[in-house]
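Asks: Okay, structure incoming, though there's no sequence with it:
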């Protein structure tokens, strides 16, 4: 049983025919070739698959692609405005400047979790940042540089918005 | 791994959903937030032949107040409940507890009714339903019935819901006047499944003594566990630190029979039960005095 779906991903419209059991994470990666969204646990705890659904961070491994019909999805590929370093999202710049990643596997999920967090809380304390990160697991960094990266990114975003 | 294949339906009305559940019976599972069901499907612990997606049924998403409390639609997102000024005002215990539930990414999809119907022993909302004397509105193509929360939880992941039934709405009555409340839980990382958690409500009489105390735990048994002996011990007592400590010890020693697992030993759960009881009872008393 294949279902036709039409959805917007990073402001581009896509129409595909999918099996109901196809997870949104696998749809993004395999159907659309957007492999920035990573798969870590497939049960919602690691956060590597986090994307925005109509602007809200969700676990793409716990959604079926058919459920995204008619919706707007934003993935990590949708953050930068282009391929040049100066076109990175300020949060990405923060990760670059503060060395906020090593293997980078958790990073897209963290970026997609923190972008909406900073939209609501543009000047967070360290404790608030650590709590906001608690839904994303990182095996490499011990989180310290991730916290600093968020602080740098938040500062850049505050400066940009004036 | 990936989920097994299933037939998928996305009804637009409760009636349509109930008709699908009546037709497919045990073969069908309703899909609410999916934050508990889809993990089990991804691991093939669950392989429903039919999935009835409830996310398109607008009528199931609401938070309303009535003269005596709140009515919450079963599909209301946990995020909505967390941010609702109505919930903050009329059910402050729910408002206090919502941030403990998993993480914002989970709460953006997870639903109030879905969590209640899934009945995970480590989940917070069933405990709140029991302690707040919530009433569950259950519908099927055969009709409608209301179930008191205390009669709803029957065993491990087991509720009173029949395969053709849906939980559609939850009624939360107000706490009596001069009541305080509190919730707390202990997890290794904020948002993890708690090793133990407790909710308390305390209602004070005119003379400052405890007219009624309730204490309900999560994660110390197969379903929400009420500390009945502790509650009885507190009734009529002045809410002194000594009385609260004695009740907490009674609760931990006599009212629960926790198991050990890889997350916590039985002994540690029992210890947490005592600590949490003292904390939530004390805080509930403080709040009751403010009312």
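Replies: Structure received. Computed from a prediction, not measured in an experiment: that's the story for all the values here.
Asks: For the most far-flung residue of chain B relative to its centre, give me its contacts.
Replies: Most distant from the centre of chain B: residue B:207, at 32.2 Å, with distances by CA atoms, centre = their mean. Applying CB atoms under 8 Å, 6 or more residues apart in numbering or on different chains to residue B:207 gives no contacts. Glycine gets a C-beta too; all of them are placed from N, C-alpha and C.
Asks: sec struct for it, please.
Replies: Assigned by DSSP: H, G, I helix; E, B strand; the rest coil, the conformation of residue B:207 is coil.
Asks: Show me the contact partners of the longest helix seen in chain A.
Replies: Counting residues, the longest helix found in chain A (DSSP state H) is helix A:144-161. Outside helix A:144-161, the residues within contact range by CB under 8 Å, 6+ apart are A:89-95, A:97-101, A:110, A:114, A:118, A:122-124, A:126, A:129-130, A:132-133, A:138.
Asks: So which of the residues you listed reach chain B?
Replies: With CB under 8 Å from any CB of the partner chain as the criterion, those include residue A:132 near chain B.
Asks: who in the stretch 1-150 of chain B is up against chain A?
Replies: For the stretch 1-150 of chain B, the contact set with chain A under CB under 8 Å from any CB comprises B:1-8, B:10, B:34-35, B:38-39, B:41-43, B:51, B:53, B:55, B:79, B:102-106, B:108-109.
Asks: are any of these buried, and which?
Replies: Buried by 16 or more other CB atoms under 10 Å in any protein chain shown: B:3, B:6, B:8, B:10, B:34-35, B:38-39, B:41-42, B:51, B:53, B:55, B:79, B:102-106, B:108-109, out of these.
Asks: Once you drop chain neighbours, what's closest to the residue in chain A positioned nearest to chain B?
Replies: For chain A, the residue closest to chain B is residue A:135, as judged by CB to the nearest CB, at 3.1 Å. In space, and not counting its chain neighbours, residue A:135 is closest to residue B:103: 3.1 Å by CB to CB, 6 or more residues apart in numbering or on different chains.
Asks: How confident is the prediction for the one you found, by pLDDT?
Replies: As predicted, residue B:103 sits at a pLDDT of 97.
Asks: wait, what's in contact with it?
Replies: So residue B:103 contacts A:47, A:134-135, B:191 (CB under 8 Å, 6+ apart).
Asks: least confident pick among those?
Replies: Minimum pLDDT across these falls on residue B:191, with 89.
Asks: Quick check: which ranges of chain A have low pLDDT?
Replies: A:1 (pLDDT under 70).
Asks: near chain B, which residues of it?
Replies: So far as CB under 8 Å from any CB goes, chain A lies against chain B at A:1, A:3, A:19-21, A:23, A:26, A:42-44, A:47, A:50, A:53, A:56-59, A:61-64, A:66-67, A:113, A:117, A:131-132, A:134-135.
Asks: Out of those, which end up buried?
Replies: Using 16+ other CB under 10 Å, the buried ones in the residues of chain A next to chain B are A:3, A:19-21, A:23, A:26, A:42-44, A:47, A:50, A:53, A:56-59, A:61-64, A:66-67, A:113, A:117, A:131-132, A:134-135.
Asks: Just the ones in strands from the residues you listed, please.
Replies: Among these, DSSP state E puts A:3, A:50, A:53, A:56-59 in strands.
Asks: picking up where we left off before, quick one: the residue of chain A closest to chain B and residue A:113 touch, right?
Replies: Yes. Using CB atoms under 8 Å, residue A:135 is in contact with residue A:113, at 6.2 Å.
Asks: for residue A:99, what are its contacts?
Replies: Contacts of residue A:99 by CB under 8 Å, 6+ apart are A:145, A:149.
Asks: So it, which state does it fall into?
Replies: Classification of residue A:99 by three-state DSSP places it in coil.
Asks: Same check on residue A:94?
Replies: helix.
Asks: same thing with residue B:213?
Replies: At residue B:213 the chain is in strand, as set by three-state DSSP.
Asks: was I right about it contacting residue B:205?
Replies: No. Taking contacts as CB under 8 Å, residue B:213 lies outside contact range of residue B:205: 11.5 Å.
Asks: Settle it for me: which of the two has more neighbours?
Replies: When neighbours are counted by other CB atoms under 10 Å in any protein chain shown, residue B:213 comes out ahead of the other of residue B:213 and residue B:205, with 28 against 12.
Asks: now the more buried one, which residues is it bridged with?
Replies: The partner list for residue B:213 in beta bridges (DSSP bridges) reads residue B:202.
Asks: Contact partners for it?
Replies: B:200-203, B:230-231, B:234-235, B:247, B:281, B:284.
Asks: need the residues you listed in a markdown table with pLDDT, secondary structure and neighbour count, can you?
Replies: Conversion of those to a markdown table gives the following (pLDDT from 0 to 100; DSSP: H, G, I helix; E, B strand; the rest coil; neighbours: other CB atoms under 10 Å in any protein chain shown):
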| residue | pLDDT | secondary structure | neighbour count |
| --- | --- | --- | --- |
| B:200 | 98 | strand | 35 |
| B:201 | 98 | strand | 25 |
| B:202 | 98 | strand | 30 |
| B:203 | 98 | strand | 20 |
| B:230 | 98 | helix | 27 |
| B:231 | 98 | helix | 22 |
| B:234 | 98 | helix | 28 |
| B:235 | 98 | coil | 13 |
| B:247 | 98 | helix | 28 |
| B:281 | 98 | helix | 32 |
| B:284 | 98 | helix | 28 |
